[in-house]
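In: got a sequence here, can you build the structure:
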Amino acid sequence: MAAPPDDDVLWARGLHYTYDGSPALQGVTLGVREREIVSIAGSRGSGKTTLLGCLSGRLLPAGGEVWFDGVPVHTLGLGARERLRRDRFGWIGSEPELVPGLTAWENAALPLLLRGAGHRAARTAAHEWLDRLDIGDCADRRPAHLLQSQRQRVAISRALAHSPAVLFADEPTAPLHQADRLQALRTLTAAARSHGITVVLTSHDPTAASAVVGGPADRFDDSPAATLVDRTITLIDGRRTPPVATAPDPEGSAACSLSA
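Out: Okay, the predicted model is just below:
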């Protein structure tokens, strides 16, 4: 079992995973550098959520390796993986998954409290993130009294409040209205960069996807949103697609197309 490259904080090789005999991942290999923001693109059923599950230790791959900061995640037991997710990782799903009996700020502060942070410090951090996501006035409400979009913002606050080493975001803007999606993504990625957080996120929504592609794969997109991530990786039917070559047109300008 070879260790991953030194410059990759998160690394996977030859990942395979199946659901009821159907392949969800078929030999996916990738590396993510520290503080990098990477988008995983693909349609529904392409394996994006399964890949995030394997990278974060929520799922154990049927084959292949996952390494985080030199630790072979794929060999860890359930308890060790749970501690890793609690202490070093953050997670945002397409559904908020809040604790019904806790207020918004208590939900946002939960990872800090579980790590042993003081009540006052945890509450202050939670309120700061709720304010940044424009729901500070909802801090004392319980999830049942919040709109779906507000609950998702609480989930985003919870994932960021303890400054995880790696943040996994699976369709993080799915419950938000279209007008709010780019703002939420900008807040998330700006916070990650300012706090040195590595991010791996997914989206199949065309609006969100256009807001999170950037770097070499889409160098012709000069919109402000194109700078939100560093790299985009594309999955099709559980496989990572190779880069798409583009040829110059007769006028000498290159045709723009998505690449992995």
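
In: adjacent strands (with direction) for the helix or strand Gly64 falls within?
Out: Per DSSP states H and E, Gly64 falls inside strand 63-68. Paired strands of strand 63-68, with direction, are strand 8-19 (antiparallel), strand 71-72 (antiparallel) (DSSP bridges).

In: how far away from the center of its chain is whatever helix or strand comes next after the last one?
Out: Counting by DSSP H and E, the next helix or strand C-terminal to strand 71-72 is helix 78-87. Between the mean C-alpha point of helix 78-87 and the mean C-alpha point of its chain there is a distance of 17 Å (Cα atoms, centre = their mean, to the nearest Å).

In: go on, stretch 85-102?
Out: With Cα atoms, centre = their mean, you get 12 Å for stretch 85-102.

In: begin at 10 from here
Out: From this message on, residue numbering opens at 10, which makes the last subject stretch 94-111.

In: what's the first-to-last distance across that stretch?
Out: Its first and final residues considered, stretch 94-111 spans 21 Å by Cα to Cα, to the nearest Å.

In: next, format the strands paired with strand 72-77 as a markdown table and append mean neighbour count and mean pLDDT.
Out: Where C-beta positions appear, they are placed from N, C-alpha and C, glycine not excepted. Listed next are the strands paired with strand 72-77 as a markdown table, based on neighbours: other Cβ atoms under 10 Å; pLDDT from 0 to 100:
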| stretch | mean neighbour count | mean pLDDT |
| --- | --- | --- |
| strand 17-28 | 19 | 94 |
| strand 80-81 | 14 | 94 |
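
In: would you turn these into CSV with distance to Ser55?
Out: Below are those laid out as CSV (distance: least, Cβ to Cβ, whole Å):
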stretch, distance to Ser55
strand 17-28, 13
strand 80-81, 26
